[in-house]
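Enquirer: show me the folded form of this:
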Amino acid sequence: MLKVGIINATGYAGAELARLLYSHPEVELTSVSGRSAGGKALADVFPHLACYDLTIGEEIGDVDFAFSALPHAASAAVCAPLVRAGIPVVDISADFRLRDPKKYAEWYGGEHPAPELLSQAVYGLTELNREAVRQSKLIANPGCFPESALLALAPAVRAGIIGPEIIVDSKSGISGAGRGLDLKYHFGEADESVSAYGLSGHRHLPEIVQELASMWPKETGTERGTWLAVGVASRSPGAELTTALADMDEQQRVAVLKTAREWTRERQERFVYGADEMRPMVTFTPHLIPMTRGILSTCYAPVTAGALPLGVAGDVVRELYQDFFDAEPFVRVVDSPPATKQTRGNNMCLIYPTVDVRTER
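Expert: Numbering: from 1, shown residues only. Purely as a prediction, here's the structure:
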């Protein structure tokens, strides 16, 4: 059993983490600290955590693994000595998400507290970085908006089927702002109202751009070419496919989708990832909506010329996404646009990929 501690369990992130850890079969939460409520029982601060008989201390005790739920800047200063002592740490703040300390200073308004550790940090989006996360002693937990955008875009980016002009339109609940008091989060201000914010540049924007750039494909020399469906009944070999799947019989549909899967895999084998010159042009707009928790992100990107057979683009993209996330227990590709209530209180991410043939996006 792994002994785990949470630094600052008195915020929303720390409390939610404690709730999730309770059901983990190989973890025992043995120590919690907090910037407030020191000396109180955790259950007195969060009654729904009455399953724990823990007192909130000023520091965590002796643990095998630590989570830091402190705000940025404060978190790195606390994580650094733990990492140096060989204790694995997951930092929930933004302190280790950006690999460039200059970017951190630009977006977070101060010098990085522990720049010497940035090279050791691994971006902890497990579905895209599982092996590196498994081996790391310092894991940067992804931001909430970036996680939704990156999971939504990753299959299309890695397959090389979309261009870099990307729009991420996100809506989040009020708990994402934390437990601090601010007029715009009061019930009378936020209820029955929707508002955009961070229009001049939200702190999660460089994180989205950084991670998209790291997975962006670069051709290794083979020409991309137009997508061709070969050997489809009633069509000559190599003919471009424009007939909708709905107009085909079952044998034709199976043949087309099999060819599509093979084609996307072959394309990815021709790519190397993380082209230094690629900087996706992302427009990111977050919105505050009157619900407690949850995020809904709608992401738009242009289809790369010749990358998809537009007549069956939606079916091909759906197959691509299903294959990409097939082994992921917490990501589901769904048959209709998801709703935030469907993910409330669980660890699921629901994705609905589609193609607008009219605009080729």
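
Enquirer: which SS state does residue 360 fall under?
Expert: Under the three-state scheme (DSSP: H, G, I helix; E, B strand; the rest coil), residue 360 adopts coil.

Enquirer: that one contacts residue 306, doesn't it?
Expert: No - with the criterion set as CB atoms under 8 Å, residue 360 and residue 306 do not qualify as a contacting pair; they are 11.0 Å apart. C-beta: built from backbone N, CA, C; applies to glycine.

Enquirer: C-terminal to the worst-scoring helix or strand of the chain on mean pLDDT, what's the next element?
Expert: Between all helices and strands in the chain, the lowest mean by mean pLDDT, DSSP states H and E belongs to strand 271-273, at a mean of 51. Next helix or strand after strand 271-273 toward the C-terminus (DSSP states H and E): strand 281-288.

Enquirer: which neighbouring elements make contact with the helix or strand that that following strand is followed by?
Expert: Using DSSP H and E, the helix or strand that follows strand 281-288 in sequence is strand 295-300. Here strand 295-300 is seen to pack against helix 144-158, strand 165-172 when contacts are counted using 3 or more CB pairs under 8 Å, 6 or more residues apart in numbering; DSSP states H and E.

Enquirer: for the protein, just list every one of the helices.
Expert: Secondary structure of the chain by DSSP state H: the helices cover 12-22, 42-45, 74-84, 101-108, 126-135, 144-158, 187-190, 205-215, 250-269, 313-325.

Enquirer: put together a markdown table for those helices, with distance to residue 296, mean neighbour count and mean pLDDT on each row.
Expert: Putting the helices of the chain into a markdown table (distance: least, CB to CB, whole Å; neighbours: other CB atoms under 10 Å; pLDDT from 0 to 100) gives the following:
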| stretch | distance to residue 296 | mean neighbour count | mean pLDDT |
| --- | --- | --- | --- |
| helix 12-22 | 18 | 19 | 93 |
| helix 42-45 | 30 | 17 | 95 |
| helix 74-84 | 27 | 19 | 95 |
| helix 101-108 | 24 | 16 | 95 |
| helix 126-135 | 19 | 14 | 96 |
| helix 144-158 | 8 | 23 | 96 |
| helix 187-190 | 16 | 13 | 75 |
| helix 205-215 | 16 | 21 | 95 |
| helix 250-269 | 27 | 16 | 66 |
| helix 313-325 | 17 | 20 | 93 |
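
Enquirer: and these as a markdown table, adding distance to residue 3?
Expert: Output for those, formatted as a markdown table (distance: least, CB to CB, whole Å):
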| stretch | distance to residue 3 |
| --- | --- |
| helix 12-22 | 11 |
| helix 42-45 | 16 |
| helix 74-84 | 13 |
| helix 101-108 | 31 |
| helix 126-135 | 19 |
| helix 144-158 | 27 |
| helix 187-190 | 39 |
| helix 205-215 | 31 |
| helix 250-269 | 41 |
| helix 313-325 | 32 |
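
Enquirer: among the ones you listed, which is nearest residue 117?
Expert: helix 74-84 (6.0 Å; CB to CB).

Enquirer: how about that closest one as PDB, C-alpha atoms only?
Expert: Taking only C-alpha atoms (Å, rounded to 0.1, in the frame of the first residue of the first chain), the coordinates of helix 74-84 have been written out as PDB:
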ATOM      1  CA  ALA A  74       3.800  28.500  -3.900                       C
ATOM      2  CA  SER A  75       3.700  25.000  -5.200                       C
ATOM      3  CA  ALA A  76       7.100  24.700  -6.800                       C
ATOM      4  CA  ALA A  77       8.800  25.900  -3.700                       C
ATOM      5  CA  VAL A  78       7.300  23.100  -1.700                       C
ATOM      6  CA  CYS A  79       7.700  20.400  -4.400                       C
ATOM      7  CA  ALA A  80      11.400  21.100  -4.900                       C
ATOM      8  CA  PRO A  81      12.700  19.600  -1.600                       C
ATOM      9  CA  LEU A  82      10.500  16.600  -2.000                       C
ATOM     10  CA  VAL A  83      11.800  15.900  -5.500                       C
ATOM     11  CA  ARG A  84      15.400  16.300  -4.300                       C
END
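
Enquirer: and for that helix, what's in contact with it?
Expert: 7, 66, 68-70, 89, 91-93, 95-96, 112-114, 117, 120, 137-138 (CB atoms under 8 Å, 6 or more residues apart in numbering).

Enquirer: just the buried residues of those residues.
Expert: Burial by neighbour count, judged by 16 or more other CB atoms under 10 Å, picks out 7, 66, 68-70, 89, 91-93, 95-96, 112-114, 117, 137-138 from the contacts of helix 74-84.

Enquirer: can you pull the contacts of the residue lying closest to residue 199 once chain neighbours are set aside?
Expert: Distances taken as CB to CB, 6 or more residues apart in numbering place residue 285 nearest to residue 199, at 6.5 Å, with adjacent residues excluded. Listed by CB under 8 Å, 6+ apart, the contact set of residue 285 reads 167-170, 196, 198-199.

Enquirer: circling back to that earlier point, dump the helices and strands packed on strand 295-300 into CSV; add distance to residue 329 as well.
Expert: Listed next are the helices and strands packed on strand 295-300 as CSV, based on distance: least, CB to CB, whole Å:
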stretch, distance to residue 329
helix 144-158, 13
strand 165-172, 24
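
Enquirer: and residue 354, which of these is closest to it?
Expert: Checked against CB to CB, the stretch from the helices and strands packed on strand 295-300 lying closest is helix 144-158, at 11.2 Å.
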